[in-house]
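Asks: here is my input; please provide its structure:
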Amino acid sequence: MAAEFELTDEMREAIGVESEPWPVELTTTSIRAFARGVGYTDRRYYDEEAARGAGLDTLPAPPCYLGTPVWIPGESDPTFSGPRRSGPAVKHGLTGLLDGGTEVVYERPLKAGDRLFVTSKISDLEVKESKGLGKMLVVTSEQTFTEQDTGDVVMRTFAQAIYY
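Replies: Numbering: from 1, shown residues only. Take a look at the predicted model:
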């Protein structure tokens, strides 16, 4: 538990710095695997004929499925497949971590065949105090997903990580 914690100029310099784009794909296999993994049983997520019967041209992405980062040997994070470093790091020295939640804003439905790029940036840093955890650093980040071919934004995520 941190009794004292303050934002530094070095931490503030990370705000707004956008990462390099990273490829993300939605395939029929990845959509089926995600749907199965979270227990969705709607046939539209598994069967292209069922999807077409529902007025879709291919498998739709299930809720909360944002695609799979493309694995690039030597450059990808071994756990999450995205880039080893997605932007400037905030060196804070706090060891505890809580998920503060994620909001997803879609510009259009996602579907099999989508090839996207994702960029991320830290959009805000805030110090808060908890009676139980002491001083906490709330890091708000934003990810923007664009179509690889057109550059059109298809969705954004806003997430918070709470370090204590």
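Asks: quick check: buried residues in the longest helix belonging to the chain?
Replies: Across the chain, the longest stretch assigned as helix under DSSP state H is helix 28-38. In terms of neighbour count (16 or more other C-beta atoms under 10 Å), helix 28-38 has its buried residues at 28, 30, 31, 32, 34, 35. C-betas here are computed from N, CA, C, even on glycine.
Asks: so the fifth one sits against residue 67, correct?
Replies: Same thing as residue 34. No: the pair residue 34 and residue 67 does not pass the contact test of C-beta atoms under 8 Å, sitting 9.4 Å apart.
Asks: what touches both of these two?
Replies: Listed contacts common to residue 34 and residue 67 are residue 61; contacts here mean C-beta atoms under 8 Å, 6 or more residues apart in numbering.
Asks: residue 162: neighbouring residues, count only.
Replies: The local packing of residue 162 (other C-beta atoms under 10 Å) involves 19 other residues.
Asks: counting contacts, what elements does whatever helix or strand it lives in pack onto?
Replies: Of the helices and strands defined by DSSP states H and E, residue 162 is found in strand 153-163. Strand 153-163 sits against strand 97-106, strand 134-147, with contacts defined as 3 or more C-beta pairs under 8 Å, 6 or more residues apart in numbering; DSSP states H and E.
Asks: quick one: contacts of the shortest one?
Replies: It refers to strand 97-106. For strand 97-106, the surrounding residues in contact (C-beta under 8 Å, 6+ apart) are 64, 66, 138, 154-164.
Asks: go with 10 Å
Replies: With contacts defined as C-beta atoms under 10 Å, 6 or more residues apart in numbering, strand 97-106 is touched by 61, 63-64, 66, 130, 133, 136, 138-143, 145, 153-164.
Asks: which of the residues you listed are buried?
Replies: Buried among the contacts of strand 97-106 (16+ other C-beta under 10 Å): 61, 66, 133, 136, 138-143, 145, 154-157, 159-164.
Asks: dump the residue contacts of residue 8.
Replies: Neighbour list for residue 8: 90, 91, 92, 125 [criterion: C-beta under 10 Å, 6+ apart].
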